[in-house]
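**Q** I'll drop the sequence and a predicted model, then ask my questions.
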Amino acid sequence: MNSTRRQLLLGLGALVPAVSLLPSSLLADEPAPMETLPLVLHSDQGPHRLNVEVARTASQRSRGLMERDHLAPGTGMLFLYTGLRPSRNGFWMYRTRLPLDIAFIDENGRIVSLHRMHPCESSAPGDCPVTRPDAPYRAALEVNAGYFEEQGIKVGDCVSWPGSGGYCGGEPV
């Protein structure tokens, strides 16, 4: 065996134990699990409780619910922003396989806009429509399509979660 080949094999042999020291989240095909929180939708029909995954980082928000084939009942994804987002910034369904409802939530925890979003089957991201709210927002909640209508959730209803302040327009919830 020539010396170059021997050096290469020795180098690869040293690499295998080093890879085993990496966190499993870096080696997985799936992204690391996101934080989950209890969330409450306050409506005329009473409180509706969900357990939601929280997308806080740009990377988490960009991935959202892409590539998923199922969203369990009573769950969703809450997209949180550090500041108010203008209404021209919206959501799209590129590589998202599930039909979803989305609620855009203002800085007081009130729903300012509700929409139904359908999967985009195009392989070109630019061909996917963007769903925009009717007003600026600081959070967005995605759930299975039909959930808001089934539960009687409407624009003006309040949404609260740990860390949201627990108030809707100054009223304790």
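**A** Ah, there it is.
**Q** After the helix or strand of the chain with the lowest mean pLDDT, which helix or strand is next? Please name it.
**A** Here the helix or strand of the chain ranked lowest by mean pLDDT, DSSP states H and E is helix 24-27, holding a mean of 42. The helix or strand immediately downstream of helix 24-27 is strand 36-43, counting by DSSP states H and E.
**Q** and the helix or strand harbouring Phe79, what does it pack onto?
**A** In the assignment (DSSP H and E), Phe79 maps to strand 75-85. Here strand 75-85 touches strand 36-43, strand 46-55, strand 137-144, going by 3 or more CB pairs under 8 Å, 6 or more residues apart in numbering; DSSP states H and E. Glycine gets a C-beta too; all of them are placed from N, C-alpha and C.
**Q** most packed of the ones you listed?
**A** Each of the helices and strands packed on strand 75-85 was scored by mean neighbour count; the highest is strand 137-144, a mean of 23, by mean count of other CB atoms under 10 Å.
**Q** That strand pairs with which strands, parallel or anti?
**A** As defined by DSSP bridges, the strand partners of strand 137-144 come to strand 75-85 (antiparallel), strand 100-105 (antiparallel).
**Q** residues in contact with the last one?
**A** Residues lying outside strand 100-105 but in contact with it, judged by CB atoms under 8 Å, 6 or more residues apart in numbering, are 65, 71, 91, 93, 111-117, 131, 133-135, 137-149, 153, 159.
**Q** cool, stretch 79-91 as well?
**A** Residues lying outside stretch 79-91 but in contact with it, judged by CB under 8 Å, 6+ apart, are 54-56, 61, 64, 102, 106-107, 117, 130-142.
**Q** end to end, how far does it reach?
**A** 11 Å (CA to CA, to the nearest Å).
**Q** next one: that stretch to chain centre, how far?
**A** Mean-position distance between stretch 79-91 and its chain equals 13 Å (CA atoms, centre = their mean, to the nearest Å).
**Q** Please apply the same query to stretch 39-59.
**A** With CA atoms, centre = their mean, you get 11 Å for stretch 39-59.
**Q** Show me the shaky parts of this protein.
**A** Within the chain, the stretches with pLDDT under 70 are 1-32, 166-167, 169-173.
**Q** Recalculate using a threshold of 80.
**A** Scanning the chain for pLDDT under 80 picks out 1-33, 166-173.
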